[in-house]
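A.B. asks: Turn this into a structure:
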Amino acid sequence: MKTLIFSFKSEAGKATSIRINKYDAEITAEQAQQFADAVAQAQAFKKEGMNLYVTPVSAKVTETNSTDLFTTEKKPA
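C.D. replies: Predicted coordinates:
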């Protein structure tokens, strides 16, 4: 499973992030930067009156692989 993670600094200077789970498409660095800039410019996400995503810091894709060792559930026919 791929997860797209955008890191930002909040108005208070704290690290914040947006995670998009089960991400399965290709994205360029330019597209990621454009998305992060749009989120920051929108100023739509606030907590206690402070903007959460003010300064885009980075974007990355992480991949998690899992291997089933056993299951007791039957698969549908």
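A.B. asks: From now on I want contacts and neighbour counts done on CA atoms only, so please keep to that.
C.D. replies: OK.
A.B. asks: so who does Glu11 touch?
C.D. replies: Applying CA atoms under 8 Å, 6 or more residues apart in numbering, we find Glu11 in contact with 50-54.
A.B. asks: Across the sheet, point out what pairs with the most centrally placed residue in the chain.
C.D. replies: The structure's the chain has its C-alpha centroid closest to Arg19; by CA atoms, centre = their mean the separation is 2.1 Å. Beta-bridge pairing of Arg19, defined through DSSP bridges, involves Ile5.
A.B. asks: i'd like the first residue to be 52 from this point on
C.D. replies: In the new numbering, first residue 52, that becomes Arg70.
A.B. asks: Tell me how far it lies from Gln82.
C.D. replies: Noted for Arg70: a distance of 16 Å to Gln82, by CA to CA, to the nearest Å.
A.B. asks: just so I have it, where are all the strands in the chain?
C.D. replies: Using DSSP state E, the strands of the chain run over 53-60, 66-71, 97-98, 101-102, 106-114.
A.B. asks: so which of those strands comes closest to Pro127?
C.D. replies: Evaluated over the strands of the chain, closeness to Pro127 peaks at strand 53-60, with 25.9 Å, by CA to CA.
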